[in-house]
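Q: Please work out how this folds:
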Amino acid sequence: MSRVYNFSAGPSCLPEEVLKECAAEMLDYNGTGQSVMEMSHRSKAYEPIIQDAEAMVRKLMKVPENYKILFVQGGGSTQFAMVAENLGIHTGKAAYIETGVWAKKAAQEAAKLGIEVTTIASSKDRNYSYIPKVEKIEGDYDYAYICFNNTIMGTHYEYIPETGNIPLVADISSCVLSEELDVSKFGLLFAGAQKNLAPAGVTLVIIREDLITETPRAGTPTMLTYKTHADNGSMYNTPPCYTIYVLDKVLHWIEKNGGAAGINKLNVEKADYLYNFLDNSDFYHATAEKGSRSLMNVPFLTKYSDHAADDEAAAAKEKEINDKFVKEATAAGLVNLKGHRLVGGMRASIYNAMTLDGVKALVEFMKKFAAENK
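A: Residues are numbered from 1 along each chain as shown. This is a model prediction of the structure:
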């Protein structure tokens with residue numbers, strides 16, 4: 001079977017070049033006679049892999065020396081708790097900007113752990129279709145929290161809030177290394193790997209050293225303490241060895257393609273191509289508002305969606321059209337385009353590894369489908 005164009009929101013497509021390298025080394029990595037999957041994480045063969053992955057993150061993201069780079073497990077959802085347990089230790093207060101499901105879940109998790117959460121802004125009033133403008137955050141907060149790119153809603157911050165001495169925490173899971181980002185503006189960044197970096201299984205954490213406390217909130221488990229991982233080079237327990245190995249290869253692929261700046265240029269070209277088509281279509285439209293649109297995740301609806309909320313016949317037609325679109329797109333080799341239930345319609349996730357050819361193939365299919373279903 002030939003390769004499909006995979007528009008999944010995650011786990012997502014990986015660079016074909018990287019997959020071929022991994023396949024070639026599956027039975028024998030670097031003359032060791034074994035797969036990295038089988039390798040001891042404390043062996044001389046594996047040690048250079050995790051060390052190089054850390055060095056590549058620092059290089060590509062221009063991470064300052066006073067930040068630690070950690071590889072942990074549990075995904076972004078575990079970071080919701082780790083951030084609260086490790087940073088919410090002085091006033092016990094935190095500011096959250098609610099821009100969708102993941103920011104809301106992060107706030108709920110912090111509140112569950114005893115943090116006094118203040119939602120200082122929200123875009124819930126328009127179904128999270130935009131990023132509220134909060135240029136400055138002030139107060140006695142232990143930290144401020146944002147989700148930089150919202151996978152479900154297809155929105156993205158076009159600015160970084162000014163927080164002064166308040167550490168700014170950002171979930172960058174769905175946009176990590178899709179653009180240049182000034183790490184020094186943040187106290188902590190984290191990213192689940194399964195969208196832009198590697199298969200699922202490892203979470204990248206970049207944390208300023210002064211935020212690595214010896215005394216997290218009472219009762220914090222050992223594995224949920226940043227100091228545990230910082231003191232042990234991310235190997236307090238067995239790390240997700242193979243995922244880190246793939247991540248290292250993806251980082252070298254990004255470097256080969258011009259680093260964050262080079263990848264961003266391609267991402268802008270891909271996103272512009274798709275958004276321009278949507279904005280000029282009389283059959284489809286993007287759901288995210290201009291000025292807040294993600295380069296990575298593009299949800300879109302058909303014209304039937306405009307009336308589906310208050311018209312049963314239109315709602316039935318919308319479901320029929322959406323189901324038909326996804327089924328026919330899959331048959332055409334364009335997979336995982338079904339939209340999230342909170343938005344409906346379709347969603348094209350066009351992460352770093354998605355090619356411009358893939359986006360063009362999607363647009364050509366969309367034109368054909370529209371002509372046949374108007």
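
Q: where do the helices sit along the stretch 201-350 of the chain?
A: With DSSP state H, counting those that start in this stretch as the criterion, the stretch 201-350 of the chain has helices at 226-231, 241-256, 259-279, 305-308, 312-331.

Q: Of those, which stretch is the most buried?
A: Using mean count of other Cβ atoms under 10 Å, the stretch among the helices of the stretch 201-350 of the chain with the greatest mean number of neighbours is helix 241-256 (a mean of 21). In short, each C-beta sits where N, CA and C put it, glycine included.

Q: Off-centre distance for that one?
A: 16 Å (Cα atoms, centre = their mean, to the nearest Å).

Q: before we move on, what about stretch 297-308?
A: Worked out by Cα atoms, centre = their mean, stretch 297-308 lies 23 Å from the chain centre.

Q: neighbouring contacts of that stretch?
A: 9, 149-154, 174, 271, 274-275, 278, 282-288, 314-315, 317-318, 321-322, 325, 339-340, 343-350 (Cβ atoms under 8 Å, 6 or more residues apart in numbering).

Q: Name whatever forms a beta bridge with Gly192.
A: Thr203 (DSSP bridges).

Q: dump the residue contacts of it.
A: Going by Cβ under 8 Å, 6+ apart, the list of residues near Gly192 reads Gly10, Gly75, Gly76, Ser173, Ala200, Thr203.

Q: Let's see that with 10 Å instead.
A: For Gly192, the contact set (Cβ atoms under 10 Å, 6 or more residues apart in numbering) comprises 10-11, 74-79, 171-174, 176, 198, 200-204.

Q: before we move on, what about Arg42?
A: Met235, Thr238.

Q: Equivalent analysis for Leu204, please.
A: 53-54, 57, 61, 69-72, 172-173, 176-177, 189-193, 196-198, 234, 244, 247.

Q: Quick check: which ranges of the stretch 201-350 of the chain have low pLDDT?
A: 306-310 (pLDDT under 70).

Q: Check which helices and strands whatever helix or strand Glu372 lives in sits against.
A: Applying DSSP states H and E as the criterion places Glu372 in helix 356-373. With contacts taken as 3 or more Cβ pairs under 10 Å, 6 or more residues apart in numbering; DSSP states H and E, helix 356-373 sits against strand 5-6, helix 259-279, strand 284-286, strand 297-302, helix 312-331, strand 334-335, strand 346-349.

Q: could you give the angle of it to strand 297-302?
A: Here the directions of helix 356-373 and strand 297-302 differ by 10 degrees (axes from the mean of the first three to the mean of the last three Cα atoms, to 10 degrees).

Q: got the angle between helix 356-373 and helix 259-279?
A: Using the same axes, to 10 degrees: helix 356-373 against helix 259-279 is 10 degrees.

Q: Kindly export helix 356-373 (C-alpha atoms) in PDB.
A: Presented in PDB, the C-alpha positions along helix 356-373 are these (Å, rounded to 0.1, in the frame of the first residue of the first chain):
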ATOM      1  CA  LEU A 356       3.000  21.200   0.900                       C
ATOM      2  CA  ASP A 357       2.100  18.500  -1.600                       C
ATOM      3  CA  GLY A 358      -0.200  16.900   1.000                       C
ATOM      4  CA  VAL A 359      -2.000  20.200   1.600                       C
ATOM      5  CA  LYS A 360      -2.400  20.800  -2.100                       C
ATOM      6  CA  ALA A 361      -3.800  17.300  -2.500                       C
ATOM      7  CA  LEU A 362      -6.300  18.100   0.200                       C
ATOM      8  CA  VAL A 363      -7.400  21.300  -1.400                       C
ATOM      9  CA  GLU A 364      -7.900  19.600  -4.800                       C
ATOM     10  CA  PHE A 365     -10.000  17.000  -3.100                       C
ATOM     11  CA  MET A 366     -12.000  19.700  -1.300                       C
ATOM     12  CA  LYS A 367     -12.700  21.500  -4.700                       C
ATOM     13  CA  LYS A 368     -13.900  18.300  -6.300                       C
ATOM     14  CA  PHE A 369     -16.100  17.400  -3.300                       C
ATOM     15  CA  ALA A 370     -17.700  20.800  -3.200                       C
ATOM     16  CA  ALA A 371     -18.500  20.700  -6.900                       C
ATOM     17  CA  GLU A 372     -20.200  17.300  -6.500                       C
ATOM     18  CA  ASN A 373     -22.100  18.200  -3.300                       C
END
